[in-house]
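J.: below is the sequence, then the predicted model.
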Amino acid sequence: MQPAVNRDSKVCHHSARVPVAERRFRHALAGILLLVLLPQGAAAETAPAVRKILLLQSLDRGSMVFDKFTADFRTVLQERTREPITLVEFVVAPAGFTEAPGKPMLDFLQSIFADQAPALIVTVGGPAAAFVRSNRQHLFPKTPVLFSAVDQRYLGAAPLAEHETSAAVAIDYTKVLDDILQLLPDTRNVFVVTGTGPLSNFWYAELQRNFERYQNRLKFIWSGDLSYEQMLQRAATLPRHSAIYYVSSGTFATGGWQSEQRTLADFSARANAPVFGAQGAWLGAGIVGGRLLDIEGLGASAADAAVRLLNGESAARIHIPALSMAPPMFDARELTKWKIPEVRLPRQSVVQFQEPSLWGEYRAEVFTGIGVVVFESLLIVGLLYERRARYRAEVESRRNLALAADANRRTMTSALAGSMAHELSQPLNSILHNAEAADMLIASGRATPETLREIVSDIRHADVRATEIIDRHRTMLRNHPMDQRPVDIHGVVREGIAVVASDTRARHVRLDVDLPLYPCLVNGDQVLLQQVVVNLVMNAIDAMADTPADQRRVTVRNEVTTNSVTVSVRDEGSGLPASDDKLFEPFVTTKTSGLGIGLTIARTIVEAHHGRLDARNNPDGGATFVMTLPWYAAAAVN
């Protein structure tokens, strides 16, 4: 159980093993006792005694269902009672508590009503009803009790006692699952939100039994061991074909509590799956809907029963049928949000929160808008020619970029011709030596099928390697328009490094590469991006011409961030000139044989991919060029 306190009081946790906490709890109860009793003592001489109703709440304020019921109950009770009454209200399960000091609670209630027993005990919700039933012999056993807004399962199968009656509800939680499967037939996972604490533990056990017949079709994910933030995080990362079944947030695994309105708003904002529930009070607060329990009128029925009990009528004669679930109701906004067609709704469904029609609500504005549209259409027609000219200019600019990039690639390939020849010489020499060896073996009569097979295999591998080298350089030389598509930027960097690998060895440059193991997709042209990588690495190698051979090192690193990926090329050269503001302008170069368009083309290519290219000097010498590209949108979603 959980500690019962006055709604307006502060609550201190109680434990029999922690005397300080128990003293604080008793001090808090004593303070409430003074607040309740002193005004009555001061007025006792001038006013007659009033009858008291002990109203035991299950939860603090914040439960949309219980708050609505209590408000209706209070209003109707005040309207229909002729004699003065006082509602003495306490909370059985304060926010953040998972255990309740039952005996201190009973002692406190008995001290409150030491002079005058309550005329009626009214409970709201399951925990309050369970508290009264378990302590009935010590909690004013002759006082009539009205169990209200409580699920029938909390009252158990045994009949009510002589002085007890109920205004209960009957919720079939499996009907909500049936609604989920009708609206979303592909559902495979259901995240059941119950929180923690006695109330949540009760529903966890009940729902597990109720949901047994769905075990072969649905996988249930329970929230009992999660904090509030962990519940929201889980709701935001559910697998495909999932739904969220909100039963009760209760308390959290780490303590604490949130109001239902706040909880539903947070789930609706962060969840990647639709939220369902069984309470009509939640419709419009973030749930999709379905067959719901609408407590409208239950507060009035409970108030009528309370008046009859106060008038002396026997509790055994008061029978209020349990409130059952209403016909299906849905929130049109949630149906639209989760793309649920209305043809899937059950028959006789009521759809609320539909947007009003434009014509019916804004007829005058529609006519005005039509006039504005006609006027703007005339303006648009006048701008079409300019738009077409701008489009042609953009196409021409892109064509010029492709031509300039092609010229730059050819210049780079010319510079790499020596390294390409060196790369090809190795597989070609291997082919020649293997062929000579085979000829010698055949001439000497020592050739065996196994030996010849090994020689042929070596020749085949060398030929494949030579073909790959030629294809790599042919790709760099091929002239083609920019064609953006999803490409793995890590693979682009690996291909670019392969192009310059021989040149780095010839110039005694150590090449360090740090690439993540998993792919990262960007929307781009593979050849152009590879050209940028080759350009940056070759510039880094050229910048270390005067650097001692044992200190020449180029570091290429890819780093993936939240929305982008960066490719950095770092060298150990002399660094950038002091005034590097013109570094990326055309025909500006520090090389004696350079054209000064390499970095210009590289930046233009990167900007055409919606990225940026920056350069900076390193604190310990050398320079670093950084290319930043956004993720491919589809890759970010998957």
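T.: Yep, it's here.

J.: tell me the contacts of the spatially most central residue of the chain?
T.: Geometric centre of the chain, nearest residue: A236, 2.6 Å, by CA atoms, centre = their mean. In this structure, A236 makes contact with 270-272, judged by CB atoms under 8 Å, 6 or more residues apart in numbering. No exception for glycine: its C-beta is placed from N, CA and C like everyone else's.

J.: could you verify that D614 is part of a helix?
T.: No. Residue assignment for D614, taken from DSSP: H, G, I helix; E, B strand; the rest coil, gives strand, which places it outside any helix.

J.: ok so, going back, quick check: the gap between the residue nearest to the centre of the chain and L184.
T.: Using CB to CB, to the nearest Å, we find A236 at a distance of 18 Å from L184.

J.: what subset of the contacts of A236 is buried?
T.: Buried by 16 or more other CB atoms under 10 Å: A271, out of those.

J.: redo the contacts of A236 as TSV? Include pLDDT.
T.: Supplementary listing: those in TSV, determined by pLDDT from 0 to 100:
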residue	pLDDT
R270	95
A271	96
N272	96
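
J.: between the contacts of A236, which is closest to V190?
T.: Comparing the contacts of A236 against V190 with CB to CB picks out A271 as the nearest, at 12.6 Å.

J.: who's in contact with the closest residue to the closest one other than its chain neighbours?
T.: Excluding the flanking residues, the one nearest A271 by CB to CB, 6 or more residues apart in numbering is A235, at 4.0 Å. With contact set as CB under 8 Å, 6+ apart, A235 has these partners: 191, 193, 244, 267, 270-273.

J.: wait, D331 sits on L292?
T.: No. Contact criterion CB atoms under 8 Å: D331 and L292 do not qualify, at 10.7 Å.

J.: so those two - more neighbours on which side?
T.: Legend: neighbour count by other CB atoms under 10 Å for D331 and L292, higher for L292 (25 against 21).

J.: does the more buried one touch A285 like I think?
T.: No. No contact is recorded between L292 and A285 when judged using CB under 8 Å, the distance being 11.9 Å.

J.: farthest pair in the contacts of A235?
T.: Spatial extent of those (CB to CB) is set by the pair V193 and N272 at 14.5 Å.

J.: residues near A269, how many?
T.: Taking other CB under 10 Å as the definition, A269 ends up with a neighbour count of 11.

J.: check which helix or strand it maps to.
T.: Taking DSSP states H and E as the criterion, the element that holds A269 is helix 260-270.

J.: show me what that helix is packed up against.
T.: In terms of contacts (3 or more CB pairs under 8 Å, 6 or more residues apart in numbering; DSSP states H and E), helix 260-270 is packed against helix 64-80, helix 228-236, strand 242-246, strand 275-277.

J.: and with 6 Å instead?
T.: Helix 260-270 makes packing contacts with helix 228-236 when contacts are defined by 3 or more CB pairs under 6 Å, 6 or more residues apart in numbering; DSSP states H and E.

J.: give me phi/psi at R387?
T.: Summarising the backbone geometry of R387 under the convention degrees, to the nearest 10, its torsions are phi -60, psi -40.

J.: distance of it relative to L379?
T.: Counting by CB to CB, the gap from R387 to L379 is 12 Å.

J.: what's the burial count for the residue nearest to D546 when sequence neighbours are not counted?
T.: Nearest residue to D546, sequence neighbours excluded (CB to CB, 6+ apart): S574, at 6.7 Å. Counted with other CB under 10 Å, residues neighbouring S574 total 16.

J.: repeat for the one 4 residues further on
T.: The burial metric for A578, expressed as a neighbour count using other CB under 10 Å, is 6.

J.: you'd agree I340 is up against L184?
T.: No. The criterion here is CB atoms under 6 Å, and I340 misses it with L184 at 7.1 Å.

J.: domain parsing for this protein?
T.: Domain assignment for the chain by automatic domain parsing gives 5-169, 173-292+326-352, 482-638.

J.: hang on, the earlier thing: other residues contacting the helix holding A269?
T.: By CB atoms under 6 Å, 6 or more residues apart in numbering, the list of residues contacting helix 260-270 from outside reads 63-64, 232, 235-236, 249, 275, 285-286.

J.: against R209, how distant is T196?
T.: When distance is defined by CB to CB, T196 is 19 Å away from R209.

J.: tell me how many other residues surround the residue nearest to L298 when sequence neighbours are not counted.
T.: Spatial nearest neighbour of L298, excluding adjacent residues (CB to CB, 6+ apart): L323 at 5.4 Å. Around L323 sit 20 other residues, with neighbours defined as other CB under 10 Å.

J.: ok, V366 next?
T.: The number of residues packed around V366, counting by other CB under 10 Å, is 12.

J.: that one: which element?
T.: Per DSSP H and E, V366 falls inside helix 363-415.

J.: let's test this: mean pLDDT of that helix, rounded?
T.: Along helix 363-415, the predicted confidence averages to a pLDDT of 72.

J.: repeat for stretch 59-74
T.: For stretch 59-74, the mean per-residue pLDDT is 89.

J.: can you give the contact residues for it?
T.: With CB under 6 Å, 6+ apart as the test, stretch 59-74 has contacts from 91, 93-95, 124-125, 149, 259-261, 279, 281, 295, 299-300, 302-303.

J.: so for that stretch, what gets flagged as buried?
T.: Judged by neighbour count (16+ other CB under 10 Å), stretch 59-74 contains these buried residues: 59-60, 62-70, 72-73.

J.: do stretch 338-357 as well
T.: Within stretch 338-357, the residues that qualify as buried by neighbour count (16+ other CB under 10 Å) are 340, 345, 349.
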